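1. Return atomic coordinates for the entry below.
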Amino acid sequence: QVQLVESGGGLVQAGSSLRLSCVASRRTVSSSAMGWWRQAPGKERQFVAAISDSGGSTYYADSVKGRFTISRDNAKNTVYLQMNSLDPEDTAVYYCTAGTGVRAIGGGDIGYWGQGTQVTVSS
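-> Numbers count the residues shown, from 1 in each chain. Here you go, the predicted model:
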């Protein structure tokens with residue numbers, strides 16, 4: 001069983017930056033695409049970003065393009081989400097995910113979910 005543990009969430013002001021991290025419990029995840037989804041209060045879960053196993057391919061939701069950057073360090077079994085120019089609309093619980101490919105993750109075909117980390121952006 002793979003465990004994904006997120007960290008780095010918090011309360012920030014609009015325009016600020018945060019970096020989320022997700023550590024996977026098993027090295028085999030380094031052969032998986034990984035990504036981030038989020039869920040705002042009262043809304044459905046929404047795809048945010050994904051990265052291929054090698055890190056050579058990335059995929060973003062239109063709402064975060066140009067503001068968020070996903071990266072990974074396979075030696076540390078870790079994926080990151082750098083979030084800049086945060087907006088109150090980005091307030092959500094952010095979930096780390098693992099799957100077979102960036103488009104699969106983007107389409108909701110996900111093998112593993114983390115427990116989530118709260119990001120709150122105040123205006």
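2. What number of residues are in the vicinity of the closest residue to Ser25 other than its chain neighbours?
-> Distance criterion Cβ to Cβ, 6 or more residues apart in numbering; nearest residue to Ser25, sequence neighbours excluded, is Gln3 at 3.9 Å. For glycine as for every other residue, the C-beta is placed from the backbone atoms N, C-alpha and C. Per other Cβ atoms under 10 Å, the neighbour tally for Gln3 reads 12.
3. Quick one: residues contacting Gln3.
-> Shown in contact with Gln3 (Cβ atoms under 8 Å, 6 or more residues apart in numbering): 24-26, 112, 114.
4. same check, this time on Val79
-> 21-22, 24, 34-36, 51, 70-73, 96.
5. Just the pLDDT at it, thanks.
-> Looking at Val79, its pLDDT reads 96.
6. Tell me the span between the first and last residue of stretch 104-117.
-> Stretch 104-117 has an end-to-end distance of 22 Å (Cα to Cα, to the nearest Å).
7. Widest-spaced pair of the contacts of Gln3?
-> Farthest apart among the contacts of Gln3 by Cβ to Cβ are Arg26 and Gly114. That separation is 13.4 Å.
8. higher neighbour count, the two?
-> Shown here are Arg26 and Gly114; by other Cβ under 10 Å, Gly114 has more neighbours (22 against 14).
9. was I right about that one contacting Tyr95?
-> Yes - counting by Cβ atoms under 8 Å, Gly114 sits close enough to Tyr95 to count as a contact (5.4 Å).
10. Tell me which residue is most central in the protein.
-> The residue lying closest to the centre of the chain (Cα atoms, centre = their mean) is Trp36, at 2.4 Å.
11. so where's this structure uncertain?
-> 27-30 (pLDDT under 70).
12. where do the helices sit along the chain?
-> 102-106 (DSSP state H).
13. ok so, going back, tell me who's in contact with the residue nearest to the centre of the chain.
-> Applying Cβ under 8 Å, 6+ apart to Trp36 gives the contacts 20, 22, 48-50, 70, 79, 81, 94-97.
14. Could I get the full set of strands for this protein?
-> 4-7, 10-13, 18-24, 33-39, 46-51, 58-60, 68-73, 78-83, 92-99, 112-113, 117-122 (DSSP state E).
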